[in-house]
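S.K.: model this:
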Amino acid sequence: MKAPGSDTRPADRSRPAPGDEAPPGTPGTGEDICPECDGTGRRDGRRCENCAGTGKIIRGIGGA
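M.R.: Here you go, the predicted model:
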(Lines give C-alpha, C1' and ligand atoms only; values in the text may rest on other atoms or scores of the structure.)
Protein backbone atom coordinates (compact mmCIF):
# COMPACT_ATOMS: atom_id res chain seq x y z
CA MET A 1 0.00 0.00 0.00
CA LYS A 2 1.31 3.45 -0.89
CA ALA A 3 1.54 6.28 1.60
CA PRO A 4 -1.08 9.03 1.22
CA GLY A 5 0.13 11.68 -1.21
CA SER A 6 2.88 9.48 -2.64
CA ASP A 7 0.99 8.85 -5.89
CA THR A 8 2.89 10.19 -8.90
CA ARG A 9 0.08 9.74 -11.45
CA PRO A 10 -1.42 12.90 -13.00
CA ALA A 11 -4.45 14.20 -11.18
CA ASP A 12 -7.93 13.62 -12.56
CA ARG A 13 -9.00 17.18 -13.36
CA SER A 14 -12.52 16.12 -14.36
CA ARG A 15 -13.35 16.46 -10.65
CA PRO A 16 -12.51 19.41 -8.40
CA ALA A 17 -9.39 19.20 -6.23
CA PRO A 18 -9.86 20.00 -2.53
CA GLY A 19 -8.48 23.54 -3.07
CA ASP A 20 -10.76 24.32 -6.04
CA GLU A 21 -13.59 26.80 -5.55
CA ALA A 22 -15.52 25.33 -8.52
CA PRO A 23 -15.23 22.50 -11.06
CA PRO A 24 -12.84 23.11 -13.99
CA GLY A 25 -14.53 24.96 -16.86
CA THR A 26 -17.07 26.77 -14.70
CA PRO A 27 -17.84 30.22 -16.17
CA GLY A 28 -16.36 33.04 -14.11
CA THR A 29 -13.42 30.94 -12.89
CA GLY A 30 -9.79 30.51 -13.87
CA GLU A 31 -6.62 28.71 -12.87
CA ASP A 32 -4.40 30.08 -10.11
CA ILE A 33 -1.22 28.82 -8.49
CA CYS A 34 -1.89 26.59 -5.50
CA PRO A 35 -1.13 28.55 -2.32
CA GLU A 36 -0.22 25.38 -0.41
CA CYS A 37 2.62 24.17 -2.68
CA ASP A 38 3.40 27.45 -4.53
CA GLY A 39 2.63 25.77 -7.85
CA THR A 40 5.05 22.86 -7.53
CA GLY A 41 2.40 20.17 -7.04
CA ARG A 42 4.51 18.77 -4.17
CA ARG A 43 4.46 19.48 -0.47
CA ASP A 44 6.76 17.90 2.12
CA GLY A 45 8.03 15.46 -0.54
CA ARG A 46 4.54 14.24 -1.44
CA ARG A 47 1.83 15.13 -3.91
CA CYS A 48 0.03 18.26 -2.71
CA GLU A 49 -3.44 17.30 -1.53
CA ASN A 50 -4.83 20.83 -2.01
CA CYS A 51 -4.28 20.85 -5.80
CA ALA A 52 -4.12 17.06 -6.31
CA GLY A 53 -0.54 17.45 -7.51
CA THR A 54 -1.22 19.79 -10.43
CA GLY A 55 0.19 22.96 -8.84
CA LYS A 56 -3.00 24.77 -9.88
CA ILE A 57 -6.40 25.41 -8.35
CA ILE A 58 -9.61 26.84 -9.81
CA ARG A 59 -10.70 30.20 -8.37
CA GLY A 60 -13.51 32.62 -9.00
CA ILE A 61 -12.36 35.68 -10.94
CA GLY A 62 -13.75 39.16 -11.03
CA GLY A 63 -16.53 40.16 -8.74
CA ALA A 64 -20.00 41.52 -8.87
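
S.K.: count of neighbours near the nearest residue to I57 once chain neighbours are set aside?
M.R.: Distances taken as CB to CB, 6 or more residues apart in numbering place G19 nearest to I57, at 4.1 Å, with adjacent residues excluded. The way it works is simple: take the backbone N, C-alpha and C, and place the C-beta from them, glycine included. G19 has 20 neighbours, counted by other CB atoms under 10 Å.

S.K.: Sticking with G19, tell me its helix or strand.
M.R.: Here G19, judged by DSSP states H and E, is contained in no helix and no strand.

S.K.: So what's the predicted local confidence for P16?
M.R.: Each residue has a pLDDT score; the one for P16 is 85.

S.K.: brain fart, A11
M.R.: 61.

S.K.: Contact partners for the residue positioned nearest the centre of the chain?
M.R.: Centroid check for the chain by CA atoms, centre = their mean gives C51 as the closest residue, at 1.9 Å. By CB atoms under 8 Å, 6 or more residues apart in numbering, the contact set of C51 is 11, 17, 19, 34, 36-37, 41, 57.

S.K.: pLDDT check: weakest of those?
M.R.: Across the contacts of C51, the smallest pLDDT goes to A11, namely 61.

S.K.: hang on, the earlier thing: roughly how far does the closest residue to the residue nearest to the centre of the chain other than its chain neighbours sit from R42?
M.R.: Excluding the flanking residues, the one nearest C51 by CB to CB, 6+ apart is C34, at 3.8 Å. Counting by CB to CB, to the nearest Å, the gap from C34 to R42 is 10 Å.

S.K.: I appreciate the help and will end here.
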